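Engineer: sequence and predicted structure are below.
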Amino acid sequence: MIDLAGLEFCDSSGLTALIVARNHAHAARADIALAAVPGHTLRLMNTTGLDRIFPLLPDGEAATRP
């Protein structure tokens with residue numbers, strides 16, 4: 001899980017870094033979820049379709065809840 005709560009800015013370079021991290025995780029048979037995605041970044045993810053690729057969690061603690 002990657003907690004994005006403190007993220008203040010994200011552009012195409014940041015989205016590319018998330019995609020690269022996801023690809024590395026999948027190659028290692030692991031998953032990556034994004035937590036606490038700020039509104040401005042969530043809008044970018046919705047526009048680009050990345051919201052359908054990454055599991056999105058409301059906060060970092062959601063990853064550990066049963």
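Structural biologist: Arrived safely, thanks for sending.
Engineer: counting neighbours, what do you get for the spatially closest residue to Ala35 that is not a sequence neighbour?
Structural biologist: Setting aside the residues directly before and after it, Ala35 is nearest to Leu57 in space (C-beta to C-beta, 6 or more residues apart in numbering), at 4.1 Å. The way it works is simple: take the backbone N, C-alpha and C, and place the C-beta from them, glycine included. Leu57 has 19 neighbours, counted by other C-beta atoms under 10 Å.
Engineer: do I have it right that Leu57 meets Leu34?
Structural biologist: Yes. With contact defined as C-beta atoms under 8 Å, Leu57 and Leu34 form a contacting pair (6.9 Å).
Engineer: contacts for stretch 47-64?
Structural biologist: Residues from elsewhere that reach stretch 47-64, judged by C-beta atoms under 8 Å, 6 or more residues apart in numbering: 1, 3, 5, 15, 18-19, 22, 31-37, 42, 44-45.
Engineer: if we use 10 Å, what do you get?
Structural biologist: Around stretch 47-64, the neighbours that count as contacts under C-beta atoms under 10 Å, 6 or more residues apart in numbering are 1-5, 12, 15, 18-19, 21-22, 31-37, 41-46, 65.
Engineer: remind me which residues of the chain are low pLDDT?
Structural biologist: 62-66 (pLDDT under 70).
Engineer: picking that back up, mutual contacts of Leu57 and Leu34, please.
Structural biologist: With C-beta under 10 Å, 6+ apart as the test, Leu57 and Leu34 both reach Met1, Ile2, Asp3, Leu4.
Engineer: any chance you could map the strands in the chain?
Structural biologist: 2-3, 34-35, 56-57 (DSSP state E).
Engineer: just so I know, which of those strands lies nearest Ala27?
Structural biologist: Among these, the nearest to Ala27 by C-beta to C-beta is strand 2-3 (16.7 Å).
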